[in-house]
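> pasting the sequence and the predicted coordinates here, then a few questions.
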Amino acid sequence: MLHLRNLLLPLLRARAATHLPTSSSLHLSRRRLLSTTARSAAATPFSVEEYLVDTCGLTGAQALKASKKVSHLKSATNPDTVLAVFSGVGLSRADLAAVVAAEPQLLCARADNIARRIASLRDRVGLSDPQIGSFLLVAGGAKGIHTCDVAPRLEFWIPFLGSFETLLKILKRNNAMVLSDLEKVIKPNIALLQECGLTVCEIVKLFRFAPRMFTCNRKQVEGFVRCADELGVPRTSGQFKYMVGIFANISEDSATARMKYLCRSLGCSMDKLRSAVHKLPQILGLSETNLGSKIEFLVGKVKLEPEYLLKKPRLLTYSLEKRLVARHYIVQVLAAKGLKKDVSFCSYVQLGESCFVKNFIDQHNNAVPGLSDAYAALRAGEVPPEVQH
């Protein structure tokens, strides 16, 4: 078997490099090889783990885990043919290892089915070989090509989302979107959101924010909408879609607990908090630990009033280390040196990164040596080097 594998591997590598030979010539070549090595193959027991490591490129740990799912394989005949199909779209050895590690059962699939599904991605969806390779490597891609004809799903999703690249990004968060039934699950959920007044553009934004929603059953989605309604967010509001998305990402009980936590931390009534949530529902998607550390810093260190945070809830969504702490430190240093006096916290925290660096770092690097290094250290969560006077 090892001799057979050594004969086949150059053939597979050549296929990956040149997209040749064709599937029919590859089949004939394999038949000849098998006929001349049958005795040696019969004499050497087939080891799934060895095959996964030696031929597929998996690590020992990956092979041990994957072998449990394909333990019934008795020869390399079918796996070799499947690998040849994948190498035909330009997957490298490392890529093949990633695909097999993600979906080992592919090695047991009928190679002609896999080839037909890949051809459908080319001919029906219009994907190039590099795009097909990217799809296979992203979460759910290998499983999709193994379990079903994913072409109709991609044919729907790509124009709906606007691009193939957007599809890949969302697949990383919810690979079920290429496995769920279009007619029974996906399209009814989209129709329900349209009945709530959301446009296609708004639904796409919601999909990026809460992709899980679209693969839930309709009753669940109706529940997300009901929770948003009960919280008092108008369906005509631009924030309605985000409120629905929040309930798709966390449970109703978790959202209620988070609101009670915010009321205690900010010392406000539930009515006042609801007003803040209506402005920015995303704050309910943050953990209590995340919210608590930011409130402690903003109220304790920056000396902002809790009432101010209710009016400016976006402050709670910024990164504590990379934005709030780092920028506050820099402005404090500049103020102590007579530069950038009386600048409001909210004004410089809300600036885009390049704009802040230009106006608060680059502009004062010569006057305050070490300013840039201190900012970089703070953004990395480290103690900043001493800024020179």
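Good, I have the coordinates.
> quick one: contacts for Q62?
Residues counted as contacts of Q62 (C-beta atoms under 8 Å, 6 or more residues apart in numbering) are 52, 97, 101. Quick note: C-beta positions are derived from backbone N, CA and C, even for glycine.
> export these to a markdown table and tack on pLDDT and secondary structure?
As requested, the contacts of Q62 are exported to a markdown table (pLDDT from 0 to 100; DSSP: H, G, I helix; E, B strand; the rest coil):
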| residue | pLDDT | secondary structure |
| --- | --- | --- |
| L52 | 94 | helix |
| A97 | 95 | helix |
| A101 | 94 | helix |
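> are any of these buried, and if so which?
52, 97, 101 (16 or more other C-beta atoms under 10 Å).
> quick one: which of these is nearest to A191?
Each of these was scored against A191 by C-beta to C-beta, and A101 proved nearest at 37.6 Å.
> the closest residue to the closest one other than its chain neighbours and S319, how far apart?
Spatial nearest neighbour of A101, chain neighbours left out: Q62 (4.8 Å); criterion: C-beta to C-beta, 6 or more residues apart in numbering. The gap separating Q62 from S319 is 34 Å, by C-beta to C-beta, to the nearest Å.
> circling back: which of the contacts of Q62 sits closest to V138?
Each of those was scored against V138 by C-beta to C-beta, and A101 proved nearest at 13.6 Å.
> give the contact list for the closest one.
Taking C-beta under 8 Å, 6+ apart as the criterion, A101 is in contact with 58, 62, 66.
> look at the second one and report its pLDDT.
In this case it means Q62. Note for Q62: predicted pLDDT of 94.
> which strand or helix spans it?
Element membership of Q62 [criterion: DSSP states H and E] is helix 60-67.
> how far does that helix sit from the chain's center?
Taking the mean C-alpha point of helix 60-67 and that of its whole chain, the gap between them comes to 24 Å (C-alpha atoms, centre = their mean, to the nearest Å).
> follow-up on the earlier one: save the contacts of Q62 as CSV, and put in distance to C201 too.
Output for the contacts of Q62, formatted as CSV (distance: C-beta to C-beta, whole Å):
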residue, distance to C201
L52, 45
A97, 39
A101, 37
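> worst-scoring helix or strand of this protein, pLDDT-wise?
Of all regular secondary-structure elements in the chain, judged by mean pLDDT, DSSP states H and E, the least confident is helix 2-18 with a mean of 41.
> now for the residue nearest to M213 when sequence neighbours are not counted: which residues touch it?
Ranked by C-beta to C-beta, 6+ apart and with sequence neighbours excluded, the top spatial neighbour of M213 is A248, at 3.8 Å. A248 makes contacts with 210, 212-213, 216, 221, 224, as judged by C-beta under 8 Å, 6+ apart.
> next, give phi and psi for A248.
Geometry field for A248 lists phi and psi as phi -80, psi -30, criterion degrees, to the nearest 10.
> where are the low-confidence patches of this protein?
Filtered on pLDDT under 70, the chain yields the residue ranges 1-43, 386-389.
> can you pull up the most central residue in it?
For the chain, the residue whose C-alpha lies nearest the mean C-alpha position (C-alpha atoms, centre = their mean) is K172; its distance is 3.2 Å.
> I figured that residue hits L137, correct?
No: under the criterion of C-beta atoms under 8 Å, K172 is not in contact with L137, lying 10.6 Å apart.
> specify which member of the contacts of A248 is nearest to P385.
The shortest approach to P385 among those belongs to A210, at 41.3 Å (C-beta to C-beta).
> quick one: that closest one and I250 touch, right?
No: A210 sits out of contact with I250 when judged by C-beta under 8 Å, with a separation of 9.9 Å.
> what is the burial count for V204?
Here the neighbour count serves as a burial measure; for V204 (other C-beta atoms under 10 Å) it reads 18.
> and it, what is it in contact with?
Contact criterion C-beta under 8 Å, 6+ apart gives 160-162 as the residues in contact with V204.
> which one (most neighbours) among these?
Greatest neighbour count in the contacts of V204, by other C-beta under 10 Å, goes to L161: 19 neighbours.
> not counting sequence-adjacent ones, nearest residue to that one?
Ranked by C-beta to C-beta, 6+ apart and with sequence neighbours excluded, the top spatial neighbour of L161 is L167, at 5.4 Å.
> can you pull the contacts of the one you found?
For L167, the residues meeting the contact criterion (C-beta under 8 Å, 6+ apart) are 154, 157-158, 161.
> for it, which three-state class applies?
In three-state terms, and counting by DSSP: H, G, I helix; E, B strand; the rest coil, L167 is helix.
> give me the distance between it and L91.
According to C-beta to C-beta, L167 stands 19 Å off from L91.
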